[in-house]
Structures are given as C-alpha cells and as structure tokens.
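Undergrad: Below: sequence and its predicted model.
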Amino acid sequence: MRAGLYIHVPFCASVCPYCDFAVTLAGEERRRAYVAGIEREAAMAAADGLSFDTIYLGGGTPSALAADQLAEVLAAVKAGLRVEAGAWTFLEVNPEDVSSASVRAWRQLGVRAVSLGVQALDGEALAFLGRRHTADGARRALDRLRAGGFTTVSIDLIYGLPGQTVASWSRQLEEAAARAVDHISCYQLTIHRGTVFGRRHARGELEAAPEPAQAELFLLTHRRLAELGYQGYEVSNFAAAPGHRSRHNIKYWRHLPYLGLGPAAHSFVGRRRFWNHRKLRIWQRAVDAGRRPVEGVEELADADLALEAVMLGLRTSDGVDLEALRSRYGIDLVALNRRSIERLCDSGHLVLEADRLRPTVSGMAIADTLARSLELAR
Amino acid sequence: MDNVRTFCIIAHIDHGKSTLADRLIQHCGAVEARDFRDQILDSMDIERERGITIKSNSVTLDYVARDGRSYHLNLIDTPGHVDFSHEVRRSLMSCEGALLLVDASQGVEAQTVANLYLALEYDLEIVPVINKIDLPSADVERVRAEIEEDLGLDADDAVLCSAKDGVGIADVLEAVVHRLPPPTGDLAAPLKALIFDAEYDPYRGAVLLVRVMEGTLRPGQQVLLMHTQAHYQVEEVGLLQLRRVRTAELGAGAVGYLIAGVKAVSDIDVGDTVTEAERPAAEPVPGYRPAKPVVFSSIYPMSNEEYPDLAKALEKLKLNDAALTYDKDSSAALGFGFRCGFLGLLHLEVVQERLRREHDLSLILSAPSVRYRVTLADGSVRWIDNPSEFPEPGSISRTEEPFIRTSVMMPERYLGPVMELCRERRGVKTGFHYLAVGRVELTSEMPLADVLFDFNDRLKSVTQGYGSFDYEMLDYRDTDLVKVDILVNGEPVDALAQLVHRDKARPRALHYCERLAETIPRQQFKIAIQGAIGGQIIARTTINAFRKDVTAKCYGGDITRKRKLLEKQKKGKKRMKMVGSVEIPQSAFVAVLKTDKD
C-alpha cells in the first residue's frame, strides 16, 4: 500500500468550545500565504521519496478555503509530490459551507469522499457544542452532497454530552442510518485542557459524564449501529460496507507511511515520526524561509513500534496482527501473555484467532487497559 | 580524675535536649562557629530531620569554670525513645549524673518520668533544668511544683535556661561541675570498660564508644569482650571531640572511642565489657542483656529486581544497627523479601525510612506483629512472629502474647477518653493517681500487639497532643489468637495476613477491606475483598468494575503522544503487585497499615 498524504487546513470561521486541534480564525491574507506555504512545504517534502494513494484534507475547516484555493493546494501537492493517478481525495467540510456550487467545485477537484462535520442531529446538542449550523442545515447539506453525486459520505457525531439520554442519542444514530450515510465517526466528548470546555470544567461548571454512563453509551453506540448495519471497525468509526472504511485513516493504525503538511501535521516515514510546528505563524515563517517546519522528530526503535502496533491494533476490530509482531519484532505476544489473554478471552474482552488477537466491543471499550496489561518482553 | 564529669541529658521528646547540647558545645568552644550546625551530635539525616536521637554519641568538652579550674566534661547524648532503652541504659551506666530537662510550658511528661526512673536505677545524681523559659507560655513555678510532686526531686535549685536563646548556659555548666560527682576508679586495676554504643566507619570497621570504669585502655593491648568471649587487639583509642582525637590511653573515668579491628557493629553487643585478656576483670559491668527485637515485619521490594539491592542495603544497615535482625522470607503475593525484627515501631520506621532514602528502595511492609508463644497439643512450644508460620488451630493447646505496662501522663480532663482507649485496647488493671494539681498518671497492663496498632496516634488524638506515653515489657499472658486472612478475588494476600485476638478480628478485617477498597483502582472486572478466619468470611467489600477507558481519538498521526502516555502507565504498573489478576498498588499496602483517624 502507498503512503497517505495529510494536509492540515487550520482555518475556521469560529472555534468550537470542545476543539483542541490547531485552528485559527486568521483571514484572507494569511490563507493566501498558507496556500503558498503548502506549495513550498510539498516541494521540500519530495525528498522523503514517498508516493501517495490517498490525500486527506483535514482541519480546522478545509471547506473554509475557497474552491480556487483548494484547487491550488491540490495542484501544488500533485506538482511537488508523487501522487498516483486515481488517488483517493478526502475532504472535511462543514454543513454551512455546503452549497450546490461548492459541491460541484469539490467534485471537479476530484474529491472522492466527504466527511461532513454534523456533530449532532439535535438542536440543543448543537447549541451546547457551539456549532454554527442547525440540524436541518446538516440534513440539507447531506442531501446536497448526495445530489451532487458523492458516493462516499461520512458524518461526524459527538456523544456523551452532559445530560444526554440514551433515547436522544439512539434517535440520532437511527436518523443517520435512515439517511444511508456510508460512514459514521462517533466521538465521545472529551474535555481537553486549554479549550473553552476545559476552562469551564476547571471552574466546576462542566462535568464529564461519569464512567458508567460513558460505558453504557459507548456499548450502546456499537450495538445499535451494528443492528443498523454498520461495522464498528475502530473505537470511534463505523462503515456501512468494508469499501467505506476510511482508507486514509487506517494508515495511521497500521503503521503505513504518511506525510503531513501544514501546521501540527504529523508524518511517519520509515522509522521516523516527525511533527510540524502547531502555530500557523511559526509554521509559516519556517516554510517561507525555505526550512522544513518540523518541531520534533522521533526515531522509533523496534520496541516502540511493537508497543504502538499492539496499542493501535487493540483499537480496531481487525485487532493485533500476531504474525507481523513475530516476524518484524520477534515478539510472541501470546506466549508472553498466555494467562492474561486467557483471562481476557474468558471475560469476553478478547478473541484469539490463529494469527490475530481481536478485541470485542467491550474489549475496545477498555483498549487502553488492554494495551497496558499486555507485556511485550519478559 | 577530679576534674572529669560525665553526664547525660534526659528529657521527653521536643523538650530541647539537642538544642541544649548544641549550646553547651558552643559555650565550651568545641566547634568553630562556621562548622556549627544544629543538632550537631546527631549525624544521621533522619535524626536531624525528625528531631530524634537514634544512636548514642558523646563529646568531651574543655570547660574553664568560674572558679578558674579546667574540667573535662563528657556529655553523652542518648536516644530518648523507649525503643532504644537498651542504649539509654548503657549510656546512663556510663555517667555519674544527669541533667533532667523539662520544658517550662509542657512540664513533666511520661518519658521524663521513665528516663528519670532509669537514671535513679543507676544511682545518677540528678540536676533538674527548666528549659524554654523564654516562651510566653512558660510557667516556671508550675513546672517546679510538678518536678517536686511528680518526680520527688528538690526543684528549688533547678537551673533555669533557654537553650534556644543561649540564656543560662553557663549556669548549667557550673551545676555540672559543682553538683555532679567526679568518676571513681583505679587506674591500676584490671581493665573494665563498658561499650555503650558503636558506630560503623567504612574504613575502620566498628568504632566502639566506651566508658572506662577501671584500669587503663591502650593501643596494643589484647582485649577480651567478656560476654561474647571475642578477642581483639586494640589499634587506637581516643577522645570524641566532634571528631576522633587520638590519645595515648584512656584511663578509668574516661569516655572515648576504641578501634580494635571489629568488622561490624553487629559483631559486638552494646553493654558488653572490654577487659584485658591477660589480666581480666573479676566480673563484667552488670546489667548486660542483648537487645531483643519485639516487633516483626516482612519487608519486600516493590519490584522483584530490587531484591538483591534490598539484601545489600540491610546488610549495610546492620553494620551500624546491631538491634536489627533479618532473615529471608517469601510471599506468594509479594515475592522474596526479609522478615525483620525491630526494637519497636519507631525503630521499624527509622529502618524503613533509611532503606528508602539512603538506598533509594521502594518497599512494602507487612503488618507489624509481636512474637507469640504457642504451645502445641504435644506440649512443644513455638515462638511465632510471622502469620504464615501460625500452626493449624486444631494443633494448638495454648497461645500467649506479650504484655506491657503502659504509663500515660496527661491533664486530668482527658482521663475519661484515655481510660476508654485503654479499655478498647484490652487494658487490664487500669488505674491512675494524681500527680501535681490537674495532672494524672494512668497505668495499665496491655497486650503489646494492641499498642503497636496506632495506640500512640490515638492517644495524641484523644488528648489533643497533651498525653504522653511510655511502656515497659511485663510478661507473656494467655490469649485467644486467630489468624485473619485477607483475600482479593478469593486469593489470600499473605503479606496482609495477621494474628489478632479473636475479639479484634472482625473490626480489623473490616478496616483492611475498606482501606483496600479505597486504594485499589477499579479494574475491568469486579473485585471482592474479604477478611476470613479459616474458611469463614468475617468481612467483605467490593470494588465495582469499570467498562470503558478508551480515548475517543487517535488521529492525525499523533501516535507518539499516545504511546508515551502508555509507556508511563506501563511503568506505573511495574509498581503494582499482581494478586491473581488484580493489580494492587503499593499505596494500598501502605494505606492498610495507617489508622482510621489520620
């Protein structure tokens, strides 16, 4: 499989109170400079020698860029890097940016899959999340994307909001299924420090839902979506058919190479992981001066890679590839953890197959603990 | 010999013993101002930090009195705590007199009394000194009355001082010179020197602190330690003047050090008598008894890899601490460790603290236990201090446990709660008498085991810090002993098993279960914690399972951060002990040993 190309577009029309990504409200001038910057960064990154079969425009809000700017970005990366013909292009969009005209423009750019930032199909929840669109706005956006001919449409939803009931969350899942979206990402609300929610939490105004309620919603989400025909192939990701799985995101989970352009983007090439400066200004200064805008680099040893392979594998329904662990790192996970694995299989958290160790849904719910409890060395 | 005075300072903890010693040393110019530090006689960090003295020390001071004559003053600094009463006794035996130091606001307290009785046992001349007269709460007249009524000493000529402010220090020294007698002894008699403590020097081995009673000690002499029957050759003798000052000899009446090729402090016994091999003394200095541990606990390294380090560390501590005993021990839950014997709880704490600090070890200690006398049906007797060695209940015909006589001194208003506390702790023959106005001494005979478990903390709590307490060993008495097991998901945690009186079994087991439920983190399955006697469950708590901990996002390729977090958690897990499938953090083992009230 080829490498994935991620382009971080940090611009937003407003900052959501839960969001801890690298985002900025910067206006037109900085956006133009950014587009030129991506062009320079892509040219410098050609030295990494990767060739790509996916391009993912994430953010921030990539749809906040005008169609001609997006076109410039895509043209620049295709000019500077080896992008295969027929590479899949993914685009994250916000409902308020979806018009018949923008849909047409994105299609013309060759975008294959759209991820729509719905977040909720419920007015109250949308207000709490500080979103700029309404539930009906999101529904209209979905219809337009379909009408415009997109065959892979994904939506994002956030659950576990304070006071959210099982009934109201189930209704949203059912509506998503009824609208036949191809892929759903369901993120449980996490309160991050440094966000508006984080500050409200510190002041005691906002509490995370208690663990038993979170667990109930997590398990319900997986159960309900399975009933509705979606495969939960990762902790937070569900696909209506195997072909709708995010062929870009799975690269992160399978240790396939990826290159990230733009502020805060991460790259993984060979054994090296590196990440860009998070602040747009610092990133911009670096690329303008003709330097790679890299903030940190890490060279991964076998032990690091093995630990990640287990940690990431346990987050996916495909589980941990035992044969790969053995052949690449000389680690026999089952032999090292015979008793724990037996116990976790008995308790219904894991399923052991010939060459895979898969988490069940309740296993995925405690993937962090599972990763912690498996030993990789004597 | 007429110009020699040898004395010690006896006091309750915090009454200013070390500060007074510091001032006496400074007044005599034994230390340059720039070399001075507080608590100068306490060399261990832990002594200095906690304001306690663990090892005896001595210093020979040169003092020119007001009458113009020069004196050698030997100040012997003794531990104050009951755990170290063996060392205290040896130190007292080396002295002719004692300064009885009493805090001008706190007055006479239990250790003051206990130490005074000890001093009187050895016929020491006593000079009462009232310290901290600078305090606003000082009440010299009341304290004088207490000294007279509680202690039966003449307080009219008590010396008043404030060691902190350096007031009255010369008066104290004058009293030492004029009110304490000089030593007696015959320089030509057969050698008789008392070892009152010993310290370990990495280059010289054990350095013995001695008081020469009779005869003269010189380098080159072949000496015999009368109790251990060990022979050594004297390499060096001298005075302790905050450092070792070599001298040609130490004659009767002198206090100093002796180096004789003794490897470790544990090779000799404090209290033994040094005599000349060719011309031995007729009999040793009386009162010798080897230090006997009374409290036992198993020490395990948090990580099994630290076991060799722990072994080395104990060996090293033992070089300087003859009273510490240890043997190999192992626990199904905690792996290999050592069963250790201590003089008391303070000694245990000190050893634990030194292992942690000086050797950087992370440890788990099992519940402290006393030593029980168990008579089996076949008439044989076994001494048991480790619950894992407790015989089958059916094979036991009789169990006995050590009793102590406790003395608690306190203001009268706390009498009720303290009597209640003693009753709770199975105290018998509890009685009291009035001391000075408003003050009471309560005595009780209690099982030592019940005092080990947080008695001192509870006493401080019910008397708001005004009660003080001391004890002495009495005898072994019949008891009804059971072994309480603590089970985690059905698996016994042997390190938490304990021997307790049947009446105490249920509350103690419940206390343990509750503490564990508070400190063991929730895991992905339900955890049952039970207390049991044999197969019978007597206490139970449950820790509910958690079902979700996974983070929602693992995106944008920022996997490094997530892995680092995981690595940190995995490291944290290394400090957990696995009992069956349950992870128990070190804090849980520590927490169960803590009391309810703190």
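TA: Structure's in. What do you need?

Undergrad: And the next helix or strand past the longest helix that chain B contains?
TA: As assigned by DSSP state H, the longest helix anywhere in chain B is helix B:502-519. Per DSSP states H and E, the first helix or strand lying C-terminal to helix B:502-519 is strand B:527-533.

Undergrad: burial count for B:Phe546?
TA: B:Phe546: 18 surrounding residues under other CB atoms under 10 Å in any protein chain shown. C-beta here means a position set from N, CA and C on the backbone, and glycine is covered the same way.

Undergrad: From chain A, how far out is it?
TA: 5 Å (CB to the nearest CB, to the nearest Å).

Undergrad: mind listing what that residue touches?
TA: A:Glu211, A:Pro212, A:Ala215, A:Ile366, B:Arg522, B:Gln523, B:Gln524 (CB atoms under 8 Å, 6 or more residues apart in numbering or on different chains).

Undergrad: and the longest helix of chain B, how far out from the chain's middle?
TA: 27 Å (CA atoms, centre = their mean, to the nearest Å).

Undergrad: ok, residues contacting that helix?
TA: B:426, B:450, B:453, B:480-482, B:484, B:486, B:488, B:496, B:498, B:500, B:529-533, B:538-543, B:584-585, B:587-588, B:591-592, B:594, B:596.

Undergrad: Mind checking which of those land in strands?
TA: Among these, the members falling in strands (DSSP state E) are B:481-482, B:484, B:486, B:488, B:498, B:500, B:529-533, B:538-543, B:584-585.

Undergrad: if I look at A:Arg356, how far off is A:Glu207?
TA: A:Arg356 sits 38 Å away from A:Glu207, going by CB to CB, to the nearest Å.

Undergrad: repeat for A:Val23
TA: According to CB to CB, A:Val23 and A:Glu207 sit 25 Å apart.

Undergrad: Show me which of the two is the more surrounded one.
TA: Higher neighbour count among A:Val23 and A:Glu207: A:Val23, with 22 against 10, using other CB under 10 Å.

Undergrad: residues in contact with that one?
TA: A:Val23 touches A:Pro10, A:Phe11, A:Cys12, A:Val15, A:Gly59, A:Gly60, A:Thr61, counting by CB under 8 Å, 6+ apart.

Undergrad: hmm, which two among those are most spread apart?
TA: With CB to CB as the measure, no two of those lie farther apart than A:Val15 and A:Gly59, at 11.6 Å.

Undergrad: Run through chain A and note the low-pLDDT ranges.
TA: Within chain A, the stretches with pLDDT under 70 are A:1.

Undergrad: any residue of the top strand by length along it up close to chain B?
TA: In chain A, taking DSSP E as the definition, the longest strand is strand A:82-93. No: Strand A:82-93 does not reach chain B (CB under 8 Å from any CB of the partner chain); its nearest approach is 11.4 Å.

Undergrad: from the chain's centre, how far out does the next helix or strand after that strand sit?
TA: Counting by DSSP H and E, the next helix or strand C-terminal to strand A:82-93 is helix A:100-108. How far helix A:100-108 lies from its chain's middle: 23 Å, per CA atoms, centre = their mean.

Undergrad: picking up where we left off before, okay, and which of the contacts of A:Val23 map to strands?
TA: A:Gly59.

Undergrad: Narrow the contacts of A:Val23 to just the buried residues.
TA: Buried subset of the contacts of A:Val23 (neighbour count, 16 or more other CB atoms under 10 Å in any protein chain shown): A:Pro10, A:Phe11, A:Cys12, A:Gly59, A:Gly60, A:Thr61.

Undergrad: Name the SS class of A:Glu41, please.
TA: At A:Glu41 the chain is in helix, as set by DSSP: H, G, I helix; E, B strand; the rest coil.

Undergrad: That one is in contact with A:Arg292, isn't it?
TA: Yes: at 7.4 Å, A:Glu41 and A:Arg292 qualify as touching, with contact defined as CB atoms under 8 Å.

Undergrad: before we move on, back to that, mind putting the contacts of A:Val23 into JSON lines with distance to B:Arg243?
TA: Output for the contacts of A:Val23, formatted as JSON lines (distance: CB to CB, whole Å):
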{"residue": "A:Pro10", "distance to B:Arg243": "69"}
{"residue": "A:Phe11", "distance to B:Arg243": "74"}
{"residue": "A:Cys12", "distance to B:Arg243": "73"}
{"residue": "A:Val15", "distance to B:Arg243": "69"}
{"residue": "A:Gly59", "distance to B:Arg243": "72"}
{"residue": "A:Gly60", "distance to B:Arg243": "71"}
{"residue": "A:Thr61", "distance to B:Arg243": "76"}
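
Undergrad: Dump the contacts of A:Val23 into CSV; add distance to chain B as well.
TA: CSV is the format used below for the contacts of A:Val23 (distance: CB to the nearest CB, whole Å):
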residue, distance to chain B
A:Pro10, 12
A:Phe11, 16
A:Cys12, 15
A:Val15, 17
A:Gly59, 10
A:Gly60, 11
A:Thr61, 15
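
Undergrad: interface residues of the stretch 101-250 of chain A facing chain B?
TA: A:187-190, A:211-212, A:214-215, A:218-219, A:235-236, A:249.

Undergrad: again, 6 Å this time
TA: A:Tyr187, A:Gln188, A:Thr190, A:Glu211, A:Gln214, A:Ala215, A:Phe218, A:Val235, A:Ser236 (CB under 6 Å from any CB of the partner chain).

Undergrad: which stretches of chain B form helices?
TA: So, for chain B - with DSSP H - the helices run B:17-27, B:45-50, B:85-93, B:110-121, B:140-151, B:169-179, B:307-320, B:345-359, B:415-424, B:448-452, B:455-462, B:502-519, B:559-574, B:586-592.
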